[in-house]
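Visitor: have a look; sequence and predicted model below, questions after that.
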Amino acid sequence: MAILGLSPYTWVMIAFLMLLVLVLILGDIGGIDFDHDISPDVDLGLSPLSLPIVASFGTSFGGFGTIFETVGFGPIVTPILAAVFAVLVSGGLYVVMLNLFVKSQAETRVDLATLVGYKGQVMIPIRPGQPGQIVVVTEARGRTLLQAISDDVVGTDEHVVVDSIVGNSVKVHKI
């Protein structure tokens, strides 16, 4: 049953491919997502029902459906196989996106002990007995603001080196 000379599976693929390209160009269109019944306090990162994942499922379903229909699988086997392969493709895309984007951005904790020896710049002046703030560039978070203490007076924009960790602060000295 061809519509304008094309299989319904081909039309499904074209429609979802256009949606996928639209999402690529515009981003996640207005934040449209199929929400789950989960507490709003829980952030799971990427949803398996996000628009790009659903669009990749639709595109894959249409593409595999077209292939299986052209090869000659029956009207019962074609949609089942197309759905199975579409789930595999969209599931694989979900796993790739989760590992590449979400997990790489999710870890923002900085182990202060690893910062000993790092150079930083003072953002809020440090005085003996009064903590200030420095910025250190780390691989985990990029620019990281840290509470800092020092035995000497260290002014704004001066460069320092992290000597040790004292509680939740780093002890620094001027360069």
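Guide: Cool, got the structure.
Visitor: drop to CA atoms for contacts and neighbour counts, all remaining ones
Guide: Fine.
Visitor: please, where are all the helices along the protein?
Guide: 8-26, 51-71, 77-97, 103-106 (DSSP state H).
Visitor: residue 144 bridge partners, please.
Guide: Taking DSSP bridges as the rule, residue 144 bridges to residue 136.
Visitor: which ones are touching it?
Guide: Applying C-alpha atoms under 8 Å, 6 or more residues apart in numbering to residue 144 gives the contacts 135-138.
Visitor: closest one of those residues to residue 164?
Guide: Taking C-alpha to C-alpha as the measure, residue 164 lies nearest residue 136 of the contacts of residue 144, at 14.0 Å.
Visitor: which residues touch that closest one?
Guide: 118-121, 142-146.
Visitor: 7 Å instead, please
Guide: 119-121, 143-145 (C-alpha atoms under 7 Å, 6 or more residues apart in numbering).
Visitor: what about residue 3, neighbour count?
Guide: Using other C-alpha atoms under 10 Å, residue 3 has 9 other residues around it.
Visitor: please read the previous query as pertaining to residue 153.
Guide: Residues near residue 153, counting by other C-alpha under 10 Å, number 14.
Visitor: distance of it from residue 145?
Guide: Residue 153 is 19 Å from residue 145, where distance means C-alpha to C-alpha, to the nearest Å.
Visitor: which one of the contacts of residue 144 is nearest residue 75?
Guide: Taking these together and measuring to residue 75 by C-alpha to C-alpha, the closest member is residue 138, at 56.7 Å.
Visitor: can you give me the domain boundaries for the protein?
Guide: 8-37+44-106, 112-174 (automatic domain parsing).
Visitor: okay, those domains in a markdown table with mean pLDDT next?
Guide: Below are the domains of the chain laid out as a markdown table (pLDDT from 0 to 100):
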| stretch | mean pLDDT |
| --- | --- |
| domain 8-37+44-106 | 84 |
| domain 112-174 | 90 |
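Visitor: please name the residues that touch residue 151.
Guide: Contacts of residue 151 (C-alpha under 7 Å, 6+ apart): residue 128.
Visitor: residue 97 versus the nearest residue to residue 54 once chain neighbours are set aside, what's the distance?
Guide: Nearest non-adjacent residue to residue 54, counting by C-alpha to C-alpha, 6 or more residues apart in numbering: residue 90, 7.4 Å away. Per C-alpha to C-alpha, residue 90 is found 10 Å from residue 97.
Visitor: comparing these two, which residue is more hemmed in?
Guide: More crowded of residue 90 and residue 97, by other C-alpha under 10 Å: residue 90, with 23 against 14.
Visitor: now list the buried members of the contacts of residue 144.
Guide: By neighbour count, with 16 or more other C-alpha atoms under 10 Å, those hold 135-136 as buried.
Visitor: nearest to residue 16 among the contacts of residue 144?
Guide: Nearest member of those to residue 16, counting by C-alpha to C-alpha, is residue 138, at 40.5 Å.
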